[in-house]
Structures are given as structure tokens and as C-alpha cells.
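Visitor: Predicted model and sequence follow; I will ask about them next.
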There are 2 protein chains.
Amino acid sequence: MSLHPVLIAGQWRAAHATGSFRSENPATGETLPGEFPISAWADCDAALTAAAEAAPRLRAAGPAKLAQFLTRFAERIEARKAELVEMAHAESGLAKAPRLAEVELPRTTGQLRQGAAAALEGSWALPTIDTKVNIRSLLAPLGPVWVFGPNNFPFAFNSVAGGDFVAAIAAGNPVIAKANSSHPGTTRLLAEEAFAAVGETGLPPATVQLIYRTGHADGERLVADPRTGATGYTGSRSAGLKLKAAADAAGKPIYLELSSVNPVLILPGALAERGAKLAEEFAGSSLLGTGQFCTNPSLVVLVAGEATEQFIAAVKAKFETAAPTPLLSSAVARALAASVTTLQSAGAHLVTGGQAVAAPGYRFCNTLLRVSGDEFLAAPEKLQTEAFGNAALFVVVRDAAQMATLLEHLEGNLTGGFYSDTRGSDDALYAELEPLLRPRVGRLLNDKMPTGVAVSPAMHHGGPFPSTGHPGFTAVGIPASLRRFAQLQCYDNVRAARLPAALQDKSPNGQMWRLIDGQWTQRDIG
Amino acid sequence: MSLHPVLIAGQWRAAHATGSFRSENPATGETLPGEFPISAWADCDAALTAAAEAAPRLRAAGPAKLAQFLTRFAERIEARKAELVEMAHAESGLAKAPRLAEVELPRTTGQLRQGAAAALEGSWALPTIDTKVNIRSLLAPLGPVWVFGPNNFPFAFNSVAGGDFVAAIAAGNPVIAKANSSHPGTTRLLAEEAFAAVGETGLPPATVQLIYRTGHADGERLVADPRTGATGYTGSRSAGLKLKAAADAAGKPIYLELSSVNPVLILPGALAERGAKLAEEFAGSSLLGTGQFCTNPSLVVLVAGEATEQFIAAVKAKFETAAPTPLLSSAVARALAASVTTLQSAGAHLVTGGQAVAAPGYRFCNTLLRVSGDEFLAAPEKLQTEAFGNAALFVVVRDAAQMATLLEHLEGNLTGGFYSDTRGSDDALYAELEPLLRPRVGRLLNDKMPTGVAVSPAMHHGGPFPSTGHPGFTAVGIPASLRRFAQLQCYDNVRAARLPAALQDKSPNGQMWRLIDGQWTQRDIG
């Protein structure tokens, strides 16, 4: 069977392939039709050359064209919805409804439209003008952006159509997508629609390119290539850190979302007040999507006592009642088993689960583990191993003081949260613990599970290392996510006609917020 | 003689010294009084512990206290102005007036006051509130910041009192200063005033700490230490890249200002129109401060012809007439001689200068070199070696097409500029070349030399690698420079009383600009 073509320089053409791969249906273990190429460096090189040529033309095309493209792409995704959902379901094992058709696909097209609106409006670039000295600056596109998408959102974080894709394009950069190997077919369909939308909008053909897979060495080479502007990567910590090292050494920005156990601290008053409700809430969040969310609550901290034992028992019952849903791939199943073993070898005790479910497909028993606070503090690093999937670890600390000590050993996480009672009995403890948790997480929650990442301007989907590579940037939330794929460009005494539209005296659209002489305004100058 | 004490954890105390050093008067070569310690790791460790303890208390102290400290520090600097100017003059060879007393010291206190105003006003943190989903976020302090100051601004970029210091403190972080070895005495005086201001304001004593020097291995260790929040470094590329590699591997933000040749392209029409004036303007900017500015114009590109020869001859005459002023240190003199040799070995021809001036002190002849475009393109990397000091390289290209080719070989720079004629004859060429220069520089100038970096919100003192480590951040310009020393912190469903003041419904000061439901406003919610 012939290999699927790659999309390079405006052509669907045969890859320079060093090998090939197929995707599987993880719910059944069946190999899916279609064989995809592993590209040699020649493909990366050709894509980089085409993207570098497209970059200045894309900037010159202006925000209206970018917005038109993103909107048209969203419409085309909607028109091909049935086929996309079918393919993503086959490749991911995720439910067609509600998950793929009613939640993730609308979220994806919503992000594309939000990106279009942000590009058109222009405030994301923080245009700043000092009239007295005639210095003007803004964030501007920085060149070709590689997007490595993760396995767990075949639409919403797809390397074509997902959050990083939208942010990079809306900021004015061409994207070279590296498909996730678990859903190449879905990525192919999205790339077909994206490329068609590029053509309809008259953008440079290399605005969107697609490669399915490369060798590891080529991955490290491409993020560091002089033609690369930046990289967005969501995936495993080990692969991400290798790419980070390569990009860092070359001085190329790379934004990574690596791993996170998303600690949830249930304070004693909350447990006393509504323990049964919290067990339900936790189990629902923990098993949602077979636990395969970046923000899955995988580490729960509780104070030893009867209420905690009841909570654990209630969750255990729910975990044992719920049928294990499919994992995303055989690789995820293997990694989950290995992580559970790592946790056990570091001292965690199995409460339930802990082993794979027999075929068909890739499933793992809903798994709970527990350690005491002392045990946790004896191996805090290993016990923060991310067990990506339907598994969670309870840490049962001796008392509030040990909860504080535990927080001091926490790695950087995307999220962290507290449940506290509604009558104030936990408030003093909250006040003591919050300053310890706050700097270690990107998003701090109260009385709410971390799954569910609203695409909203104030959202922060990011956090201190090693959850991401830089604590100042978010991967979700428009317009802030666009600022990752930008360089600050200043114009000093540049003649008026030569300034970009956003920095001219007259606002290009009357809507853009600009910081003029220290005040945010939508008005023109003069 | 006893060693000067270091300032750690609120005490001026004896260093754990592994050695010592003295500063020199570079204008005379004389060793100055006072001996300074090279600290062992124990000092770094103690400073980090103290800073980590101070960090949450500093955040809790709130912006009004930070502003009060910065203002009081500025006042104390002004009260000790005569002694500071005397010391900085002795240690740097820079003129007492106008440079130190009338330009750099007022700039320094001005920056401190701008930082105070920014901290107080609070808009720098981009507070963002989405009322419908009750998600709120802002940029928040990230912990102890190490500041490595450069040699060329004993006040305005001093590791105590300079731009990075102001930005880190105004963003709410404690600073551990690593003095520049060429002006430890000036740094000591500034730290005395800063520490006194800390005491007067009631901030945690470890808000400001000072170490004079460490071993290289300890430098790499401290930027990567878990207690470190971030690092600001301005200095040589080789030392900076080592620190960057260490910080990157640990996932710690580091902001570097490394080196820049600041290309100036003089288009043919401008040269024909006002060549003599440009020669004067260039020579003035090039020799200012003995050429020891980060934004010194060191690479000038001209098109071959009679006008260019006249321009070069005019600059040569000015360079030969002007008496060489002192360099900042013996190390700078050695590095300048080595760089000039590197340029010559790469094909550059000496027009004038090229050797050290005999004692007293450290001076180098005002130096001009030239290469043809062909020669430049044969060794573009070596011919972009920064010759920090009073030296410049002219690249005389064959024609406009070769100018474009040259631009494609330019490294990332802080600045780059064009001179073009006033009647439009250069406009077509400008339009062709600007897209090539623009992505390679942080600040683009028209008809203006790059020296002179206004402290203004729209200023960008930064640029693509290797001029800095990240193209999105500026080291000069308030409030943007504060955003380097911050992490994005999101509050999701957090109870109102637990929110930081800047994210509560009621604005803390009625002045802060907040992005509420997508609109920038100074108003309260509700």
C-alpha cells in the first residue's frame, strides 16, 4: 500500500520516507487502514525553506486575511464533522458523543473563531506608543512555528487546528505541523481542510504544512534550525526535555507542556462537611476521558482520620463500579502500567486496580494508590511520577503541618486546588497553605476539580517547570496564548508611512487597545 | 587589609571567601583602595535561603511598600551623589560630568521612580478578569532574582539600582546582586543605600543582598538552584551562554543581554544628500563612552562608490583627531585588541587605529576597519564579532542586491537602522531591505544612531538570539521590563476574600488598567 503524502510547500506529495507507521483503534486493538510516512530530514528541510519564504508574505497579508482563513477553516471543519468525528473516534477510542462531536469539535472551531477575532482586533500584540519620543513597539510574528500536538485531544490540541496552531497563525506565523502518531488520519483530514482554506483565502500555500513523524535526531535538529521561529510542544516530559535542550542551545523559543499531577488538597472541614459529594466529584473528574487530561487530578492530599478513610472507600467503590474506558494507545497503556509500578516501588500501596484489562483494545483497571505523608516525604520525586490515565494517588498526611511540608516538596504543576468548608473552619489552614501552593501551580482552584479548561482570556494553562518550560506563558486563553509566538519589535523614529498599521497614529480598526503615553485607549493619536 | 563584607540576610558580614580582588582606575592603571571577597558557595547558599524566606513576605508587603522603598532608595542615592560619582569615576574612567553626574545618575534615580510608579499603579501585571466564568489572572512575583550587572553602566545597569534591579523589585521579588568586578566600590555604596532604604521602609531585610564575585561553577549552580526564581544577566556572550545553559537545564528563566553589533545601513540617497553630516553623526555615536554601549553602532553597511570613500575618509579623520578615552578595564582593553585581531584575521582591513595606546591606563586607538561585501560574505560569522569599545567595521557592498544578501547573514541584534534620503530616492530600496532587517533586530531606527536608550514604555532593549536569550522581552522600558521577573498566576473560582487585591471586584487604586471581559478598563466590577 502506498504511503499517505505529506503537505509541503503547497503540495500534497510523496514523503522522503525512512519508514512508515499505522494507527490503531485503541478500543479494539485493530490496525486502521492507511499507512503514514516517517519523514527524512529532506522533508523537514523543504518545509522549513517553504515556511521561511511564506513568513514575510504572511505578515504582509495582514490580520484580515488571517482571520478570514481561521474562520473559513472552522467552517470547513464543521462541514466535514461526521467524517472527522468518525476518524477521531476510531483513532482515539474517545466517545463520538458527547465528547468528540458535542464538546471537542465545537471547542476547536470556537478556538479558531476566537483566534480570528483576536487577530482582527489586534490588542494581543500590546501595541505601545510614546508620542513624545516617537518610539513605538508591538509584538510581531517571529517566523515558522513547529507544532507538536499531544495524543489526548485529536481536535482541540491537534497540531493542525488546535490551540497552538490557532495561536501561531493568529499571531501571523506559518505553521509546520508534526502529527501525533496516535491520530495521523484525523490530522490528515484537518490538514486537508486547512490547506483548502489557505487556498480559498489566498494566503501563501506554505502557511500550513504537515509532516507525520520524524526521527528523534531530526526533531532536535528542526527545533534548533535557523529558519525556525519557535516551537509549541505538548507531550511526554522525556521527549519534551530533549527538544527543549536542543532549542535552548540554539536560542530558539520553545513552549512546552510536559506533565502535571495537579494536586488537590481536601482540607478537614470540607471533608467533614461534604465528603460523600467530594468523592463523587473527584471520581468523576479523575475518570473523565479515562483520566487522560493534562489537568487530571492525580494527587490528592488528605489528613488522616475516619472521614478520610470513608472518602477513600467511597472513591474505591466508584472506581470499581465504573467500567474502564479505553486508553488512547498501546503506548499510553504501557506507560501507565510502568508509572503505577514506579509509584508502587516508591512506596505507594494499591487500593484498587493496578493491572491491565484483557483485550480487546488497551484498557487499564481504574486504579487508586495511597501513601502516608511519611512515605511520600521519603520519596517525593518518584511519588510525583505522572501516571497518565485512570489512576490517582492519595497522600494521607498526619496533620496540617505535614501538609505544609508536603507542599514544599511539590514540583511545578499546571494546576493545584483546595477544597475548604463553607463555614470558615478551614480558613486559617488555607491562609497558611496557600502561599506554599500558589507559586508551584499555574492555576489555583477553590472547591472545583481542575479538569475543564475554559478558553477564556484569564485562563492560564501553564505553570512552573517542569509542568512547562516557562512560567510566564499560557497555552490556552486568547489573546495571551498568541504572545508566545511573537517577538517584540520596536520602531524608533521610523517614518510614519513605514510603520505597521497597528502603530500608526490612526488606529487601523478603532477597536484595538493600545498603550499610548501610558494609558490604554482605543482612540487615534491627535 | 581586611576584605569588604558582603550583605547577606540583613547583615553586612564577612564573606566565606575563596580569594579576593581589587578594582583598578582604568584611566591610570592604578589599583584602588579596598579589597573585595570572592565568595564560596556558602555565601550563595545563605543568600538564597534568606531570599527565599523573604519572597512571600515581600509579596505580602504589597506594592505601596515596594514603591516607598524604590523612592527612598532614589533619594538616598541623590543624597550621596558626590561620593557615588567620585567612586564610579575612579572605577570606570567615565567622566564625572556630564556622563556620570548629569546623565547616568539622574537616569538611575529616574528608573527607580518609574519602577515605584509602576509597582503602585499595577497595570504592568496585565490583570485579567473573566466575570462569567470567574477566572482571574495576573503576573506575579516568582521568587529570588539574581542580577549580574555589566561593566559599562556603573549606575544605570548596576546590579544594585540598575534596570534589572528595579524591574525585579518593582515586580515584587527580592534581589541578590552579583557586583560587576570592575566597579565593586560603586556597588557597595549603592547597596549601603539600598539596605538603609529597606530598613527605613520596613521590608524584609533580605530584600536586597550583595555578593561581589563567585567562581564560575558556583555561578552556574546558583542560576539553577531550586530557590532561584529567575536571573538577569548583562555581560559577555561566552559567560552568559554558560549561565543560560545551566538555567535552561533547570527550567529557570534567565534573561540575558549578550552582544550586538547594531548594524547601520546607509542607503545611497542619504549618503549623497548628507554624507558629511552622517560622518559626524556616526563618529559621535561610535566614540561616545569610548564605544562601550550595548547599542554602539559597530557595523556600517555602505554601497561602493565615491560618496562612500568620502564618508570613510571623513570618519577616519574624526577618529584620528579625537583623543582615545579610557576603556573600562584592562579586561576590556584585552578583549578589544583580541576582537580587532579576529576581525583582521577574518579579512577586515585596518583603516586607522588597531593598537593599544601606551600607559597610563587602558586605552586603544580609535579604530576603523573595512571589508568588501564579498569579503564579508566569505566569513560572515567572524566578521560579526563584537569589538566592544571604540572600533567599528565598514562593509562596502557592491550594490543593493549584495546589501540584501548581507542582511540574510546577520545575527540577531539589539538594534539596526537605516539612513535614507528625505526626498524618496531610497524608498524603494528601504521597502526591499526592511523586511530582511526587521526580524533580526529588536529596535529598528530611521535616520538616527542607536546609542541613547530612552526609558520609555515603548522602548525595546532586547532582540533575537544571540543578542538576548528570548526575543519577547525588553530590559529597558517600564512597565514591560517588569514582566520578565514574573509568573502567570490564575485564580479559578477562588473565593473573593482570598484573591489578591488587583483581582478583586473593586480596583485597589482606581488607576490600574485591567482586562475585564476583554476590555481594558480602570473601573471596578459591578
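Guide: Ah, there it is.
Visitor: Now do the contacts for the residue of the stretch 401-526 of chain A found nearest chain B.
Guide: Residue nearest to chain B within the stretch 401-526 of chain A: A:Phe465 (2.7 Å; C-beta to the nearest C-beta). Every C-beta, even on glycine, is put in place using the N, C-alpha and C of the backbone. Applying C-beta atoms under 8 Å, 6 or more residues apart in numbering or on different chains, we find A:Phe465 in contact with A:Gly412, A:Pro471, B:Ala250, B:Gly251, B:Lys252.
Visitor: for A:Ala170, same thing?
Guide: A:Leu66, A:Ala67, A:Leu70, A:Gly115, A:Ala116, A:Ala118, A:Ala119, A:Trp124, A:Ile478, A:Leu482.
Visitor: What strand or helix carries the residue lying closest to the first one once chain neighbours are set aside?
Guide: Pointing back at A:Leu66 there. Ranked by C-beta to C-beta, 6 or more residues apart in numbering or on different chains and with sequence neighbours excluded, the top spatial neighbour of A:Leu66 is A:Ala119, at 4.5 Å. Taking DSSP states H and E as the definition, A:Ala119 sits inside helix A:105-121.
Visitor: Can you tell me which helices and strands that helix packs against?
Guide: helix A:63-79, helix A:81-92, helix A:163-170 (3 or more C-beta pairs under 8 Å, 6 or more residues apart in numbering or on different chains; DSSP states H and E).
Visitor: pLDDT on the helix or strand that it is followed by, on average?
Guide: Proceeding N to C from helix A:105-121, the next assigned helix or strand is strand A:128-130, under DSSP H and E. Mean pLDDT, strand A:128-130: 98.
Visitor: Next secondary structure element downstream of strand A:128-130?
Guide: strand A:135-141.
Visitor: Send me that following strand as CSV with only the CA atoms.
Guide: Output in CSV follows, covering the C-alpha atoms of strand A:135-141 (Å, rounded to 0.1, in the frame of the first residue of the first chain):
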residue,chain,number,x,y,z
ILE,A,135,9.1,55.3,19.9
ARG,A,136,6.5,52.6,19.1
SER,A,137,6.5,48.9,19.7
LEU,A,138,4.4,45.8,19.4
LEU,A,139,4.6,42.0,19.4
ALA,A,140,5.1,40.7,15.9
PRO,A,141,5.3,37.3,14.2
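Visitor: and the stretch 51-200 of chain A, which residues reach chain B?
Guide: Neighbours of chain B within the stretch 51-200 of chain A, by C-beta under 8 Å from any C-beta of the partner chain: A:56, A:59-60, A:123, A:126, A:128-130, A:132-133, A:135-137, A:139-140, A:142-143.
Visitor: are any of the residues you listed buried, and which?
Guide: A:56, A:59, A:123, A:126, A:128-130, A:133, A:135-137, A:139-140, A:142-143 (16 or more other C-beta atoms under 10 Å in any protein chain shown).
Visitor: Now rank the contacts of A:Phe465 by neighbours and give me the top one.
Guide: Counting neighbours by other C-beta atoms under 10 Å in any protein chain shown, A:Pro471 comes out on top of the contacts of A:Phe465 with 27 neighbours.
Visitor: in terms of contact, does it touch A:Gly442 like I think?
Guide: Yes: A:Pro471 is in contact with A:Gly442 according to C-beta atoms under 8 Å; the separation is 7.2 Å.
Visitor: which neighbours do these two share?
Guide: Both A:Pro471 and A:Gly442 are in contact with A:Gly462, A:Gly463, A:Pro464, B:Gln487, B:Leu488, where contact means C-beta under 8 Å, 6+ apart.
Visitor: Same list (the residues you listed) but as TSV, adding neighbour count.
Guide: Shown next, in TSV, are the shared contacts of A:Pro471 and A:Gly442 (neighbours: other C-beta atoms under 10 Å in any protein chain shown):
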residue	neighbour count
A:Gly462	31
A:Gly463	30
A:Pro464	27
B:Gln487	26
B:Leu488	27
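Visitor: which stretches of chain A have low pLDDT?
Guide: Within chain A, the stretches with pLDDT under 70 are A:1.
Visitor: Could you chop chain A up by domain?
Guide: A:32-120+A:138-258+A:474-482, A:264-446, A:490-521 (automatic domain parsing).
Visitor: Of all those, which one comes closest to B:Asp421?
Guide: Among these, domain A:490-521 comes nearest to B:Asp421, with 11.6 Å by C-beta to C-beta.
Visitor: So for the closest one, what gets flagged as buried?
Guide: A:490-492, A:494, A:498-500, A:502-504, A:507-508, A:512-516, A:518, A:520-521.
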